[in-house]
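Peer 1: no sequence on this one, just coordinates:
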Ligand code: TYD
């Protein structure tokens, strides 16, 4: 059975001096963390993503500001608005995804299960849908 996209809550340590959240591979993230990257200084109206990964899994957090993550499993389309630094979105492999509606100064932090590999990307939507039909 395929894993579904889902929101994962992270610990939130409330403190008058400022709040603190964290993530740990085995406790919060359902895959081994191989890489992290972040997206910032996104001009108004820009869209990131627009692809799926064949094997890479991701967990996306809005460390600052807000943005929408649009997911399409081939069966179902869903939009997740991320706007807090104490939860994030798990994106399973084989999920078409794009990110849009970035607020000014927003910061998207992503942890990923694989090293960067251009050949892991599926950038053609029709091939993505065909592949989903072929492999379920
Ligand atoms: P890409 O994943 O296509 O961006 P997005 O999906 O947000 O539109 O990456 C943009 C460029 O950055 C691309 O040339 C590859 C490079 N890149 C890396 O070198 N390493 C990485 O970990 C990532 C995510 C991207």
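Peer 2: Structure received. Not measured: the values here are computed from a predicted model.

Peer 1: element containing the spatially most central residue of the chain?
Peer 2: Closest to where the C-alpha atoms of the chain average out (CA atoms, centre = their mean) is residue 60, at 3.7 Å. Residue 60 belongs to strand 58-64 when assigned by DSSP states H and E.

Peer 1: List the residues that contact residue 123.
Peer 2: Listed by CB atoms under 8 Å, 6 or more residues apart in numbering, the contact set of residue 123 reads 50, 51. Glycine gets a C-beta too; all of them are placed from N, C-alpha and C.

Peer 1: distance of it from residue 40?
Peer 2: For residue 123, the distance to residue 40 equals 23 Å [CB to CB, to the nearest Å].

Peer 1: ok, back up a step: partner strands of the strand holding residue 60, with direction?
Peer 2: The pairing partners recorded for strand 58-64 under DSSP bridges are strand 87-91 (antiparallel), strand 107-112 (antiparallel).
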